[in-house]
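Q: could you work out the structure for the sequence below:
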Amino acid sequence: EPRRKTAFGSVGRRIPYRILHVINQDGESLGNMHRAEALKLMDQHDLKLVLLRENVEPPVYRLMTGQQIHEEQLRRAEKKKASPKPGMYIKELSFSSAIAKNDFETKTKQIAQWIEKKYHVRITIRQAK
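A: Predicted coordinates for the structure are as follows:
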């Protein structure tokens, strides 16, 4: 089965790697160490281990406080909101300049619904024959 991207947060004691590269809560590198040493360090300083980069050898973990984890989660959520969504829909509607009042009202209601759903709306006005 394909690996799902896990949410950013503490990994607890479930660390599948034997050797880790550990960074302390201030961002300073503590170097490579065995999983048991990292867990001992985590317990001594009452911190949590967070996986930063998994695709490098050895994987990079950071010791963080609960507050730091929360702030990082908020930062990532804001960044995700700001980035354009890959499945952004563009709705297109065409009006004739001789449109009847009922048709015009129906189409404007439809446009309002699309805008509420955060769709991009493109409107074309054609000249009547």
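
Q: show me what H34 is bridged to.
A: Taking DSSP bridges as the rule, H34 bridges to I19.

Q: let's number from 638 now, not from 1
A: I'll keep to 638 as the first residue from here, and by that count the last item is H671.

Q: count the neighbours of it for me.
A: Neighbour count of H671, defined by other Cβ atoms under 10 Å: 12. All C-beta atoms are positioned from the backbone trio N, CA, C, and that covers glycine.

Q: any idea how far R763 is from it?
A: To R763, H671 is 72 Å away according to Cβ to Cβ, to the nearest Å.

Q: same question for D683.
A: Relative to R763, and taking Cβ to Cβ, D683 is found at 68 Å.

Q: between these two, which one's more packed in?
A: Using other Cβ under 10 Å as the criterion, D683 and R763 rank with R763 on top: 11 against 8.

Q: my guess is that one meets L730, correct?
A: No. Counting by Cβ atoms under 8 Å, R763 stays clear of L730, with 11.2 Å between them.

Q: which neighbours do those two share?
A: Common contact partners of R763 and L730 (Cβ atoms under 8 Å, 6 or more residues apart in numbering): none.
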